[in-house]
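# I would like to see how this sequence folds:
(one chain, ligands or ions: 1)
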Amino acid sequence: MRDRKPVGNHSAVPRVLIIGAGIAGMQAALDIAEAGHEVLLVERMPSIGGRMAQLSETFPTLDCAQCILTPRTVEVGHHEQIQLITHAEIESIEGEVGDFRVRIRRRAAYVDWDLCTGCGLCQEKCPGRAPSDFERGTGERAAIYTLSPQAVPNKPIIDPEHCIHFLRDRCGACAKLCPVGAVDFEQQDTILEASCDAIILATGYDIYGLDQMPEYGGGKVPNVIDALAFERLLSSSGPTSGQVQRPSDGRVPDEVVFIQCAGSRDPQKHLSYCSKICCMVAAKQATLYRHRVHDGQAYIFYIDIRAAGKGYDEFTQRAMEDERVVYVRGKVSRLFRDRDRVVVMGADTLTNRQVQIAADLVVVAPALISHPESVRLAEMLNLPTDRHGWLLPLNENVHPVETSRPGVYLAGTGTGPMDIPETVAHASGAASQVLKLFAIGSR
Ligand SMILES: Cc1cc2nc3c(=O)[nH]c(=O)nc-3n(C[C@H](O)[C@H](O)[C@H](O)COP(=O)(O)OP(=O)(O)OC[C@H]3O[C@@H](n4cnc5c(N)ncnc54)[C@H](O)[C@@H]3O)c2cc1C
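Below you'll find the model as predicted:
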């Protein structure tokens with residue numbers, strides 16, 4: 001942790017607590033810090049960036065996500081007015097607007113981040129191995145790790161469940177090799193107390209699990225992955241350096257099937273709402289697959305195409321016409337493994353015919369769901385959520401970032417599915433409400 005200011009001391013400059021450092025939390029933090037106010041930015045993961053850090057390229061411009069994100073993460077990490085606390089959880093919040101008191105549990109990293117220089121030697125030599133959550137199962141990581149090479153802060157944590165020192169009381173390679181003696185197996189969680197004038201919840205979204213969808217193999221059929229895992233296969237910083245390869249055998253897939261509305265728009269079996277971004281995600285991923293595998297064939301099963309956004313419909317048309325992506329209007333009824341392929345069965349509702357495709361790889365676009373932490377924090381702050389757990393603003397039409405509680409605001413996908421441009425605009429909206437509050441308070 002970069003301890004520039006004591007967390008507990010609340011200076012005369014108004015301070016906002018922002019919970020969640022995805023693109024929404026970072027945008028709000030930068031807007032408020034640039035206006036001269038103090039920001040306490042708390043992130044539960046070891047580094048900042050949220051889901052955007054896992055993306056390859058972004059629709060509709062196909063800009064490299066990391067190239068947009070990295071300057072921002074670096075700016076947040078270095079900003080004099082932003083105090084960043086990662087690998088941390090909110091334990092409690094009390095008080096009211098102008099005087100909130102918060103307890104934060106900073107989880108033990110087993111590495112003294114003040115000493116660590118981020119040289120990476122410990123990660124290179126660590127013999128412990130675990131599937132990487134960041135790579136969504138498409139790659140491995142060491143037991144001492146950072147989420148990505150571009151991590152901010154660029155400091156590792158030790159995962160005690162996979163560290164040989166914690167499991168068998170031997171090894172300690174990281175401690176022996178660390179040139180500055182930063183590894184500290186005895187490190188404990190620390191509790192920090194802070195006060196702040198306003199709070200922004202920017203807790204983001206989660207992904208509906210493949211294990212909840214037996215019709216798509218329930219996560220047990222090889223080479224059936226979710227769209228976020230496919231982002232990692234497309235990403236140049238991912239486990240395959242951006243080569244599209246099947247997780248089972250590393251083979252380049254000749255035929256890829258994308259399944260839309262997996263868990264979304266299905267009130268009988270799953271969730272009733274539309275996840276809003278998946279039509280564009282599938283068009284992007286099919287396009288990027290074709291850019292990497294020129295003679296590959298992509299199929300997209302869809303209910304209808306919802307590509308409302310500037311340049312979005314044109315992007316989808318280009319996927320169909322320039323990249324020859326075959327759109328099949330219909331739902332997939334089931335899929336199953338057939339030797340080393342996956343057979344996808346569905347109905348084409350335009351031709352009224354049954355369709356069966358033997359694919360090398362299947363990419364499921366699962367519903368975006370509310371982050372469990374949003375619900376926990378909503379209960380802590382006595383804020384309403386809708387029946388799916390999304391945070392509810394005061395009024396969806398005219399107060400989209402305010403809440404029923406004065407001084408508490410919402411930013412980004414904690415309120416429902418959004419793409420990045422909408423998330424950024426929403427977060428700037430939340431920041432403007434905090435700045436208004438601070439301006440009124442200083443009169
Ligand atoms: C497969 C896929 C592809 C996509 N591709 C695109 C694309 O090409 N273009 C586009 O515009 N959009 C795309 N999106 C959407 C994009 O990911 C989101 O719009 C964006 O990431 C939302 O940012 P956020 O900050 O609201 O949420 P998140 O990125 O989820 O960030 C929330 C942060 O809050 C943290 N947090 C949660 N609870 C707590 C807590 N209690 N304490 C501290 N921290 C907490 C989380 O760890 C996380 O870091 C894609 C989404 C998916 C799933």
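# How about the stretch 1-150 of the chain: which residue is closest to the ligand?
Nearest residue of the stretch 1-150 of the chain to the ligand (Cβ to the nearest ligand atom) works out as G22 at 2.0 Å. For the C-beta atoms, the positions are set from N, CA and C on the backbone; glycine is no exception.
# State the number of residues packed around the closest residue to the ligand within the stretch 201-350 of the chain.
Residue nearest to the ligand within the stretch 201-350 of the chain: G204 (2.1 Å; Cβ to the nearest ligand atom). G204 sits with 25 neighbouring residues when counted by other Cβ atoms under 10 Å.
# I figured it hits G414, correct?
Yes - in this structure, G204 sits in contact with G414. The criterion is Cβ atoms under 8 Å, and the distance is 6.0 Å.
# Run through the helices of the chain in chain order.
Secondary structure of the chain (DSSP state H): helices located at 23-34, 65-78, 121-125, 164-168, 173-177, 227-234, 278-292, 312-321, 372-381, 420-441.
# picking that back up, dump the residue contacts of the nearest residue to the residue of the stretch 1-150 of the chain closest to the ligand once chain neighbours are set aside.
Across the structure, with Cβ to Cβ, 6 or more residues apart in numbering as the measure, the residue nearest G22 apart from its sequence neighbours is G50 (2.3 Å). Counting by Cβ atoms under 8 Å, 6 or more residues apart in numbering, G50 touches G20, A21, G22, I23, A24, G25, G204.
# Also S235?
Contacts of S235 were listed using Cβ under 8 Å, 6+ apart, and they are Q54, L55, S56, A65, Q66, G242.
# one step back: can I get the helices of the chain in TSV with mean neighbour count and mean pLDDT?
Putting these into TSV (neighbours: other Cβ atoms under 10 Å; pLDDT from 0 to 100) gives the following:
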stretch	mean neighbour count	mean pLDDT
helix 23-34	27	98
helix 65-78	17	97
helix 121-125	16	95
helix 164-168	15	96
helix 173-177	18	97
helix 227-234	23	98
helix 278-292	23	98
helix 312-321	17	97
helix 372-381	17	98
helix 420-441	19	96
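# Turn these into a markdown table, including distance to V342.
Output for those, formatted as a markdown table (distance: least, Cβ to Cβ, whole Å):
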| stretch | distance to V342 |
| --- | --- |
| helix 23-34 | 33 |
| helix 65-78 | 28 |
| helix 121-125 | 34 |
| helix 164-168 | 36 |
| helix 173-177 | 40 |
| helix 227-234 | 14 |
| helix 278-292 | 15 |
| helix 312-321 | 22 |
| helix 372-381 | 30 |
| helix 420-441 | 31 |
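# Quick check, the residue of the stretch 1-150 of the chain closest to the ligand in contact with L201.
No - when contacts are counted by Cβ under 8 Å, G22 is not listed as touching L201 (11.6 Å).
# check contacts around the residue of the stretch 201-350 of the chain closest to the ligand.
G20, G22, A24, G50, R51, H371, G412, T413, G414.
# Around the ligand, which positions in the stretch 301-443 of the chain sit nearby?
Residues of the stretch 301-443 of the chain lying near the ligand by Cβ under 6 Å from any ligand atom: H371, E373, L377, G412, T413, M418, D419, I420, P421, T423.
# make it 8 Å
Proximity of the stretch 301-443 of the chain to the ligand is assessed by Cβ under 8 Å from any ligand atom, with 365-366, 368, 371, 373-374, 376-377, 411-414, 417-423, 426-427 identified as the residues in range.
# about what we covered before: tell me the phi and psi of the residue of the stretch 201-350 of the chain closest to the ligand?
According to degrees, to the nearest 10, the main-chain angles of G204 amount to phi 70, psi -160.
# which ones are touching the residue in the stretch 251-400 of the chain that the ligand sits nearest to?
Nearest residue of the stretch 251-400 of the chain to the ligand, counting by Cβ to the nearest ligand atom: E373, 3.3 Å away. Residues touching E373, when contacts are defined by Cβ under 8 Å, 6+ apart, comprise G20, R44, T203.
# Quick check: the second one vs I85, distance?
Computed as Cβ to Cβ, to the nearest Å, the R44 to I85 distance reads 10 Å.
# Export the contacts of G204 as TSV, with columns for distance to E94.
Listed next are the contacts of G204 as TSV, based on distance: Cβ to Cβ, whole Å:
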residue	distance to E94
G20	20
G22	26
A24	25
G50	27
R51	30
H371	22
G412	25
T413	27
G414	21
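# Nearest to G238, out of these: which one, please.
When those are compared for distance to G238, the smallest value, 14.2 Å, is given by R51; criterion: Cβ to Cβ.
# From what I see, that closest one and A24 are in contact.
No - the criterion here is Cβ under 8 Å, and R51 misses it with A24 at 10.3 Å.
# Endpoint to endpoint, stretch 164-184 covers what distance?
Across its full length, stretch 164-184 reaches 14 Å end to end, with Cα to Cα, to the nearest Å as the criterion.
# Ok, stretch 146-163 next?
In stretch 146-163, first residue to last residue: 14 Å (Cα to Cα).
# Now that stretch: buried residues?
Within stretch 146-163, the residues that count as buried by 16 or more other Cβ atoms under 10 Å are 146-148, 150-159, 162-163.
# now it, how far from the centre of its chain.
Computed by Cα atoms, centre = their mean, to the nearest Å, the chain-centroid distance of stretch 146-163 equals 16 Å.
# same thing with stretch 265-279?
Put simply, stretch 265-279 sits 19 Å off its chain's centre (Cα atoms, centre = their mean).
# can you tell me the distance between the two ends of that stretch?
With Cα to Cα applied, stretch 265-279 spans 13 Å between its terminal residues.
# How many residues are close by D99?
Counted by other Cβ under 10 Å, the residues lying close to D99 total 12.
# Can you name the residues that contact it?
With contact set as Cβ under 8 Å, 6+ apart, D99 has these partners: S195, D197.
# do the same with C278
The contact partners of C278, by Cβ under 8 Å, 6+ apart, come to A227, Q260, C261, S264, A365.
# let's go with 7 Å and repeat that
Q260, C261, S264, A365 (Cβ atoms under 7 Å, 6 or more residues apart in numbering).
# same deal with C126?
With contacts taken as Cβ under 7 Å, 6+ apart, C126 has the following neighbours: A142, A143, I144, A173, C174.
# related to what we said a few turns ago, mutual contacts of G204 and G414, please.
Contact criterion Cβ under 7 Å, 6+ apart; residues shared by G204 and G414: H371.
# which stretches of this structure have low pLDDT?
1-11, 442-443 (pLDDT under 70).
# Would you map out the domains in it?
Per the record, the chain has its domains at 15-107+189-204+371-441, 121-171, 208-367, by automatic domain parsing.
# Any idea how far apart the tips of the shortest one sit?
The one in question is domain 121-171. The straight-line separation of the ends of domain 121-171 (Cα to Cα) is 15 Å.
# Surely Y273 is in contact with C261?
No - under the criterion of Cβ atoms under 7 Å, Y273 is not in contact with C261, lying 10.5 Å apart.
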